[in-house]
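> okay, structure incoming, though there's no sequence with it:
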């Protein structure tokens, strides 16, 4: 718990540290080097039991780069990682940036074709992976570009054929950082597809810098702050937290995972003053039984986009948090909407105002014409500074053009701009869902369902959930003469898709409703929702295996 009184509210743009650095200083290796010289032994990052100063974080990046180079990794190579919140993932990310390689952090819940696609699409030459996840590679066979597996917590109980298998690279000396450009790709972050496979968002080095500058301003991060984030490091929300601390001169603690029962104890142990969640997780905290630890912490701000308006007052009252901070951002763009100059307070139920010093935003119709205030439409964005948005989708030029048409990034999300300029979120127009803070592609779930011999067709869609964003439901058409055991189907899906994407509800029907252009008409299925004949995984007591 901190004893230092730190100001609330956003930071005035002109007071944001390192705002408008020259472009050649915006790249991550240059930032690591600059801040190591500035802050030296000041604590920067703790993950698990390992804590590092600014200088140690910089030096570890140089050493990681040297080890990658000694292992044969070169500039432009992709190196994937399938590990949880641990220092090895951060070292791989910063080491790749220092060397000029490209890090590919993968969701540890990826399975089957989704995992195959990410590894094949990225062309990763090496994969850092935890030993107990190796078995999920066996079903994929030999992938064309993947050459070696670096196994943590080994030796591996099983070694997929066709790969060189070893521990992570430990040979090599620290190397000089390469002169990275602001637009050089630093990471490929996979985000769920809409009507197709997951897309690899290609993030340039300066995007991380601009993300940090924006969030320091919106959240109001001061050098005395300790950022506590227990969301997965393979998502932008958590991966950005150490970089926000780096730019602000603050410190950061990354928790192992989110635990509703121990959240405030973990935040207090970390000394957190600012924490990061998603709206659905705030709901889960509020639904926990009261505990003495509810207020025994030093957290004063919660950055939790998507928190439902009715939750705000009881959450702050119960947990002693002074501010809940709203906003809107994405892996492809940046944090484009939130608290802005002249609007220092987040408003329950509203995303906020466009941060027009950095970005543009508007609401458009299907022809990209801006709609009047108060009219729902698609949210589109544009950046004012080079490389503050993603470069596009790796290896998918047609998807890049589709989303970046008419010089605006099309989010696929529907929103409303109020007459005072404040934006409200309406819904997602794209064919995806959100469960426990994770985006889910209906396409990928449908593909996994129809790989079961009893399933001929599948339609997957969201239905309301009592405890999180949405629950996943599937309506199936069975193969001729087939019968379906739901438990057998669950076991089949566990090896093919992420645990959070496995449908909770299963229905069967004789035929799916199709539109005239051959697409499943899901509106009626969503409206009908759960019926008395629907199989409910949770009611049946089936527990999904997460690893």
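Looks like it came in fine. These figures come from a predicted structure and were not determined experimentally.

> helix, strand, or coil at residue 242?
Secondary structure, DSSP: H, G, I helix; E, B strand; the rest coil: residue 242 is helix.

> which residues touch it?
44-45, 57, 90, 227, 252, 254 (CB atoms under 8 Å, 6 or more residues apart in numbering). Just so you know, the C-beta spots here come from the backbone N, C-alpha and C atoms, and that holds for glycine as well.

> then residue 89?
81, 83, 105, 128, 233-234.

> of those, which is the nearest to residue 539?
residue 234 (31.5 Å; CB to CB).

> beta partners of the nearest residue to that closest one once chain neighbours are set aside?
Among residues not flanking residue 234 along the chain, residue 105 sits closest, at 3.8 Å (CB to CB, 6 or more residues apart in numbering). Using DSSP bridges, the bridge partners assigned to residue 105 are residue 81.

> list the contacts of residue 105.
80-81, 89, 93, 187, 189, 233-234, 239 are the contacts of residue 105 under CB under 8 Å, 6+ apart.

> most neighbours out of these, which is it?
Neighbour counts for the contacts of residue 105 (other CB atoms under 10 Å) peak at residue 81, which has 28 neighbours.

> quick one: the helices in the stretch 51-200 of the chain?
Assigned by DSSP state H, counting those that start in this stretch, the helices in the stretch 51-200 of the chain fall at 54-70, 87-99, 112-122, 135-138.

> distance of the most centrally placed residue in the chain relative to residue 191?
With distances taken as CA atoms, centre = their mean, residue 235 lies nearest the centre of the chain, 2.7 Å away. As judged by CB to CB, to the nearest Å, residue 235 and residue 191 stand 9 Å apart.

> now residue 230
Distance from residue 230 to residue 191, by CB to CB: 20 Å.

> same drill for the two, tell me which one is more crowded.
The neighbour count for residue 230 versus residue 191, taken as other CB under 10 Å, is higher for residue 230 (25 against 20).

> how close does residue 446 sit to residue 229?
33 Å.

> let me fix that, I meant to ask about residue 366.
37 Å.

> which one of the two is surrounded by more residues?
Set residue 366 next to residue 229 and count neighbours by other CB under 10 Å: residue 229 wins out with 29 against 8.

> who touches the more buried one in this structure?
So residue 229 contacts 237-238, 241, 252-255, 275-276 (CB under 8 Å, 6+ apart).

> 7 Å instead, please
238, 241, 254-255, 276 (CB atoms under 7 Å, 6 or more residues apart in numbering).

> take those and keep only those in strands.
Secondary structure from DSSP state E places 254, 276 of those in strands.

> let me know the closest of the contacts of residue 229 to residue 38.
Distances from residue 38 to the contacts of residue 229, taken by CB to CB, are shortest for residue 241, at 19.2 Å.

> quick check: closest non-adjacent residue to that closest one.
Closest to residue 241 by CB to CB, 6+ apart is residue 229, at 4.1 Å.

> now do the one you found, the pLDDT please.
Looking at residue 229, its pLDDT reads 97.

> repeat that for residue 518.
So, for residue 518, pLDDT stands at 56.

> now residue 272
For residue 272, pLDDT reads 98.

> what pLDDT does the model give the residue in the chain sticking out farthest from the centre?
Taking CA atoms, centre = their mean, the residue of the chain most remote from its mean C-alpha position is residue 481, at 41.8 Å. With respect to pLDDT, residue 481 has a value of 91.

> hang on, the earlier thing: mind listing the residues bridging to the residue nearest to residue 241?
Applying DSSP bridges, one finds that residue 229 bridges with residue 254, residue 276.

> picking that back up, out of the contacts of residue 105, the closest to residue 505 would be?
residue 234 (27.5 Å).

> hmm, back to that, and the helices of the stretch 51-200 of the chain, which is most packed in?
Between those, helix 87-99 has the highest mean count of neighbours, a mean of 25, where neighbours are mean count of other CB atoms under 10 Å.

> show me the shaky parts of the stretch 151-300 of the chain.
Across the stretch 151-300 of the chain, the ranges flagged by pLDDT under 70 are 157, 192-196.

> strands along that one, start to end?
For the stretch 151-300 of the chain, the strands defined by DSSP state E, counting those that start in this stretch cover 164-166, 185-191, 199-204, 226-229, 251-254, 274-276.

> kindly reformat those strands as JSON lines containing distance to residue 293.
Output for the strands of the stretch 151-300 of the chain, formatted as JSON lines (distance: least, CB to CB, whole Å):
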{"stretch": "strand 164-166", "distance to residue 293": "42"}
{"stretch": "strand 185-191", "distance to residue 293": "33"}
{"stretch": "strand 199-204", "distance to residue 293": "36"}
{"stretch": "strand 226-229", "distance to residue 293": "14"}
{"stretch": "strand 251-254", "distance to residue 293": "17"}
{"stretch": "strand 274-276", "distance to residue 293": "14"}
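
> looking at the ones you listed, which is closest to residue 541?
Nearest to residue 541, of the strands of the stretch 151-300 of the chain and by CB to CB, is strand 185-191 at 32.2 Å.

> about what we covered before: need the helices of the stretch 51-200 of the chain in a markdown table with distance to residue 293, can you?
What follows is the helices of the stretch 51-200 of the chain, written out as a markdown table (distance: least, CB to CB, whole Å):
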| stretch | distance to residue 293 |
| --- | --- |
| helix 54-70 | 30 |
| helix 87-99 | 26 |
| helix 112-122 | 37 |
| helix 135-138 | 36 |
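
> so can I have CSV of those helices showing mean pLDDT?
Formatted as CSV, the helices of the stretch 51-200 of the chain follow (pLDDT from 0 to 100):
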stretch, mean pLDDT
helix 54-70, 98
helix 87-99, 98
helix 112-122, 94
helix 135-138, 90
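
> now the strands for the stretch 401-547 of the chain?
Counting by DSSP E, counting those that start in this stretch, the strands of the stretch 401-547 of the chain are 409-417, 423-428, 432-435, 438-441, 455-464, 470-478, 505-508, 535-536.

> out of those strands, deepest packed?
strand 438-441 (a mean of 23).

> so which elements touch that one?
Packing contacts for strand 438-441, counted by 3 or more CB pairs under 7 Å, 6 or more residues apart in numbering; DSSP states H and E, involve strand 432-435.

> average model confidence for the strand it packs on?
76.

> tell me the strands beside that strand, with direction?
strand 438-441 (antiparallel).

> roughly how far out does the strand it pairs with sit from the chain middle?
10 Å (CA atoms, centre = their mean, to the nearest Å).

> ok, and the most crowded of the contacts of residue 229?
residue 241 leads those on contacts (other CB under 10 Å) with 28 neighbours.

> distance of that residue from residue 40?
21 Å.

> adding distance to residue 245, write the contacts of residue 89 out as JSON lines.
Listed next are the contacts of residue 89 as JSON lines, based on distance: CB to CB, whole Å:
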{"residue": "81", "distance to residue 245": "21"}
{"residue": "83", "distance to residue 245": "21"}
{"residue": "105", "distance to residue 245": "18"}
{"residue": "128", "distance to residue 245": "23"}
{"residue": "233", "distance to residue 245": "14"}
{"residue": "234", "distance to residue 245": "19"}
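
> so what touches stretch 401-415?
194, 330, 332-333, 363, 368, 376-382, 389, 392, 423-430.

> which among those residues count as buried?
Among the contacts of stretch 401-415, those classed as buried by 16 or more other CB atoms under 10 Å are 194, 330, 332-333, 363, 376-382, 389, 392, 423-425, 428-430.

> before we move on, the earlier item: quick one: which of the contacts of residue 89 is nearest residue 500?
residue 234 (13.3 Å).

> I'd say that closest one and residue 106 touch.
Yes: the pair residue 234 and residue 106 qualifies as a contact (CB atoms under 7 Å) at a distance of 6.1 Å.
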